[in-house]
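1. my questions concern the predicted model and sequence given below.
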Amino acid sequence: RELREELGWQPAEPPRRAVDLHVDGDLIAWFYEAAAPSTDAALAFEPGRRGVWMSEAELLVHPRLSEWHRAVLNSWRTGRDRADFVTRGA
């Protein structure tokens, strides 16, 4: 549903739940995995926004990637279905 609403795109197969994100021990988000659209797919973005294709390696070192997204990606890359992020204040 989110992909259709946010990008105007839907994967051929339903996404599978891949990683649960826990922040300071609390489950706050589920992340899903699906086959990506082709690089020439017509995707819709919010006004003033655009999409950028990048490799996993590029994404992991990108300065705009949040620390909790990085934690989720690192869990996913290593086959773990849980990512734990601890805030500095916890």
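-> Structure received.
2. separation between the nearest residue to residue 7 once chain neighbours are set aside and residue 1?
-> Excluding its sequence neighbours, the residue lying closest to residue 7 (C-beta to C-beta, 6 or more residues apart in numbering) is residue 43, at 4.7 Å. C-beta coordinates here come from the backbone N, C-alpha and C atoms, glycine included. Per C-beta to C-beta, to the nearest Å, residue 43 is found 16 Å from residue 1.
3. pick out whichever of these two has more residues nearby.
-> Just comparing residue 43 and residue 1: by other C-beta atoms under 10 Å the higher neighbour count belongs to residue 43, 13 against 7.
4. what residues does the longest helix seen in the chain touch?
-> In the chain, assigned by DSSP state H, the helix with the most residues is helix 67-77. Applying C-beta atoms under 8 Å, 6 or more residues apart in numbering, the contact partners of helix 67-77 are 18-19, 21, 23, 31, 33, 56, 59-60, 65, 81-85.
5. repeat the analysis, applying 10 Å as the threshold.
-> For helix 67-77, contacts defined as C-beta atoms under 10 Å, 6 or more residues apart in numbering pick out 18-23, 28-29, 31, 33, 56, 59-62, 65-66, 80-87.
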